[in-house]
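# The following comprises the amino acid sequence and a computationally predicted model.
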Protein chains: 2
Amino acid sequence: MMKFCFGIDIGGTTIKAGLFTEEGTLTEKWEIPTRTADGGARILPDIAEFLLTQMRQRQIKKETVLGVGVGIPAPVGENGIVRKTANLGWGYKDVKRELQELLGGIPVQTGNDANVAALGEMWMGGGKGEKNLVMVTLGTGVGGGIIYDGKIAAGHNGAGGEIGHICVNDGESEPCGCGRKGCLEQYASATGIVRLASARLKETEQDTLLRGREISAKTVFDAVRQGDRVASEIAEQFGRYLGYALADIAVILDPAVIVIGGGVSKAGEILLPFIEKPFLERAFFANRDTKFVLAELGNDAGICGAAKMVLG
Amino acid sequence: MMKFCFGIDIGGTTIKAGLFTEEGTLTEKWEIPTRTADGGARILPDIAEFLLTQMRQRQIKKETVLGVGVGIPAPVGENGIVRKTANLGWGYKDVKRELQELLGGIPVQTGNDANVAALGEMWMGGGKGEKNLVMVTLGTGVGGGIIYDGKIAAGHNGAGGEIGHICVNDGESEPCGCGRKGCLEQYASATGIVRLASARLKETEQDTLLRGREISAKTVFDAVRQGDRVASEIAEQFGRYLGYALADIAVILDPAVIVIGGGVSKAGEILLPFIEKPFLERAFFANRDTKFVLAELGNDAGICGAAKMVLG
């Protein structure tokens, strides 16, 4: 009898879901809106109803569903308990138990979304074949996921891998979203790159493609590709903060591979040398063979990693 | 039938060995010299002969020995292969296989000494009852061990947990032993504290118990205990480097507890607030409940952790 599992990736705006076979083939995927009103009370019932409907329509029996993996944008450990979320409306919530009940007993596995995406990239993306991996997600913020020995390393509070909040600049005067100052996220996120670019454009009189345009991480790396010097300087500054931070992370974790993902990584291969060069300047001898790769699964990393939590 | 295991801690000068029951009671311990001549060729045969002799004398049959755990002062993973050692004379060495053969097939487990000591502290020392732990060893250098989910996190090259080589000062001009500059080890080791103290004494005219004396980590913390202000400033500087670095480590690993060990930790409980205060200044919200404790096993941490690798 064919067996299945679902991978779910809960975001602040949409919930992504994927149906996987036991062998790990993604056979279908969907997106439904995340209803965050009323303290997010509808989120888990919406997921359960949606999955049960899909199962009914496809005549998938409950007994053939090995489990449902769920990535959540908040610290969460194996126990499945969330204490606080930034954008789902949830306070304390026993996600694992609640969703299991709503699904009539189908087993639920939970993990932090960045950690789950890292697991997805290990399973079938940029980190394929490796068991010790760090994934850095360069989006609006900087997220991180750590895979140790093939499994998510969530830490004591389920808050491991918060790479964006390593302090990389003691001299920073502007606060990070977390309230502290000098976090990696202030320099290496999409918004961080824009901040670095604006500052650089104010400092310099040099001619650049970036002047007078709307700046984004994309326009910066597009300009780099066209040989723009100011844009390259901005990319170098970004890469130095990130590469130095990753050298410290490598000293601690000794990963085989570092996967660079998130919106900024859409710049493509051109991004990697900007990170690798400062990494190698700083790297401890034992970490000099750490590989850098781009994430490959894009928006599917979350549902893939969520399914992998179930398939083990 | 009573079962046993041995825990071995190979150091540059002596090899420590302990005999443990299956239940984890340390029943006897010994020390033998480490013969590093001839590329360390005698080290494993010495260990094997010693253990086989002890077994014979105590009429312990090979079948009742569950295994021998070995802590090694070099990067080493579960595969038991060492590629380079700083002070044993070994280049490439398949420690696990060689020692297993010398012991007539008794299973051997290997780990890096700092990681093994951390496992020991988790098992029966300062980190008892916890599964996610970071141990920092403040000795001549700064070593580190990471226990994740109850097991040693050795990383891809067996070089995980090299906490002493996190870069904490971009402005450093003197090189670290590793060849780079600004490593935590340059400030938070016993020698680092002496360096900080010498610099401070040169800068200040203030009266202090430290003036004109031989400085060591011990004399600094002894003077702190007597209310010496300059000594307190030195301790604060040491604590700031270490506490800030540990805040970054906590962001990545989210440990339940940080165990402070090594020679410097003999200063006792007085040490902890100097580390905890800057840690809390810097800590990410999710890591603010991280506990700090002193190591409790002293020189036995290595043999205990080595035995624990066998007992699982």
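Good, I have the coordinates.
# quick one: residue A:183 from chain B, how far?
9 Å (C-beta to the nearest C-beta, to the nearest Å). C-betas here are computed from N, CA, C, even on glycine.
# residues in contact with the residue nearest to that residue when sequence neighbours are not counted?
Ranked by C-beta to C-beta, 6 or more residues apart in numbering or on different chains and with sequence neighbours excluded, the top spatial neighbour of residue A:183 is residue A:176, at 3.9 Å. Applying C-beta atoms under 8 Å, 6 or more residues apart in numbering or on different chains to residue A:176 gives the contacts A:165, A:182-183, A:185-186.
# Which of those lies at the shortest distance from chain B?
Using C-beta to the nearest C-beta, residue A:165 is the member of the contacts of residue A:176 that sits closest to chain B, with 4.7 Å.
# Please tell me how far the closest one sits from residue A:301.
21 Å (C-beta to C-beta, to the nearest Å).
# same check, this time on residue A:147
Distance of residue A:147 to residue A:301, given as C-beta to C-beta: 12 Å.
# higher neighbour count, those two?
residue A:301 (33 against 30; other C-beta atoms under 10 Å in any protein chain shown).
# Shouldn't that one be within a helix?
Yes - applying DSSP: H, G, I helix; E, B strand; the rest coil, one finds residue A:301 inside a helix.
# Next up, the contacts around the closest residue to residue A:152 other than its chain neighbours.
Nearest-residue entry for residue A:152: residue A:115, 4.4 Å, with adjacent residues in sequence omitted and distances by C-beta to C-beta, 6+ apart. Residues near residue A:115 by C-beta under 8 Å, 6+ apart: A:71, A:145-147, A:152-154, A:160-161, A:305.
# What residues does the stretch 201-312 of chain A have near chain B?
Taking C-beta under 8 Å from any C-beta of the partner chain as the measure of proximity, the stretch 201-312 of chain A contacts chain B at A:244, A:247-249, A:251-256, A:282, A:284-287, A:289-290.
# Select from those every entry located in helices.
Among those, the ones falling in helices (DSSP state H) are A:244, A:247-249, A:251-253, A:282.
# neighbour-wise, which of the residues you listed leads?
Counting neighbours by other C-beta under 10 Å, the top entry in these is residue A:253, with 30 neighbours.
# which residues touch it?
Applying C-beta under 8 Å, 6+ apart to residue A:253 gives the contacts A:132, A:134, A:146, A:148, B:146, B:153, B:155, B:160, B:252.
# Output the ones in helices among the residues of the stretch 201-312 of chain A next to chain B in TSV, with pLDDT and distance to residue A:195 appended to each entry.
Below are these laid out as TSV (pLDDT from 0 to 100; distance: C-beta to C-beta, whole Å):
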residue	pLDDT	distance to residue A:195
A:244	96	18
A:247	96	22
A:248	95	22
A:249	96	22
A:251	94	27
A:252	94	27
A:253	95	28
A:282	93	23
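# Could you pull up the contacting residues of residue A:184?
By C-beta under 8 Å, 6+ apart, the contact set of residue A:184 is A:142, A:163-168, A:241-242, A:245.
# just the strands in the stretch 101-250 of chain A please.
With strands called from DSSP state E, counting those that start in this stretch, the stretch 101-250 of chain A shows them at A:108-112, A:133-138, A:142-148, A:151-152.
# Any part of the second one near chain B?
This points to strand A:133-138. No - if you take C-beta under 8 Å from any C-beta as the test, strand A:133-138 misses chain B, and the best it gets is 8.7 Å.
# Which single residue of the stretch 51-200 of chain A ends up nearest chain B?
For the stretch 51-200 of chain A, C-beta to the nearest C-beta, closest residue to chain B: residue A:155, 2.5 Å.
# Neighbours of the nearest residue to that residue once chain neighbours are set aside, how many?
Counting by C-beta to C-beta, 6+ apart, residue A:155 lies nearest to residue B:254, which is 2.5 Å off, once chain neighbours are set aside. Around residue B:254 there are 27 other residues, counting by other C-beta under 10 Å.
# which ones are touching residue B:254?
Counting by C-beta under 8 Å, 6+ apart, residue B:254 touches A:75, A:154-162, B:132, B:286-287.
# Now render these as a markdown table, adding neighbour count, distance to residue A:198 and pLDDT.
A markdown table is the format used below for the contacts of residue B:254 (neighbours: other C-beta atoms under 10 Å in any protein chain shown; distance: C-beta to C-beta, whole Å; pLDDT from 0 to 100):
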| residue | neighbour count | distance to residue A:198 | pLDDT |
| --- | --- | --- | --- |
| A:75 | 24 | 32 | 88 |
| A:154 | 27 | 36 | 89 |
| A:155 | 28 | 35 | 90 |
| A:156 | 23 | 38 | 90 |
| A:157 | 21 | 35 | 87 |
| A:158 | 25 | 35 | 87 |
| A:159 | 24 | 31 | 86 |
| A:160 | 30 | 32 | 89 |
| A:161 | 30 | 29 | 91 |
| A:162 | 30 | 26 | 90 |
| B:132 | 25 | 40 | 95 |
| B:286 | 23 | 30 | 87 |
| B:287 | 28 | 31 | 92 |
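# Quick check: phi and psi on the most far-flung residue of chain A relative to its centre?
Ranked by distance from the centre of chain A (C-alpha atoms, centre = their mean), the top residue is residue A:205, with 36.7 Å. Backbone torsions for residue A:205, taken as degrees, to the nearest 10, come to phi -100, psi -10.
# try the one 10 residues further on
In terms of degrees, to the nearest 10, the main-chain angles of residue A:215 are phi -90, psi 140.
# now residue A:288
phi -70, psi -20.
# Verify the stated contact: it with residue A:280.
Yes - contact criterion C-beta atoms under 8 Å: residue A:288 and residue A:280 qualify, at 6.6 Å.
# For stretch A:191-202, list every residue counted as buried.
Buried residues in stretch A:191-202, counted by 16 or more other C-beta atoms under 10 Å in any protein chain shown: A:191-194, A:196-197, A:200-201.
# All set now, cheers.
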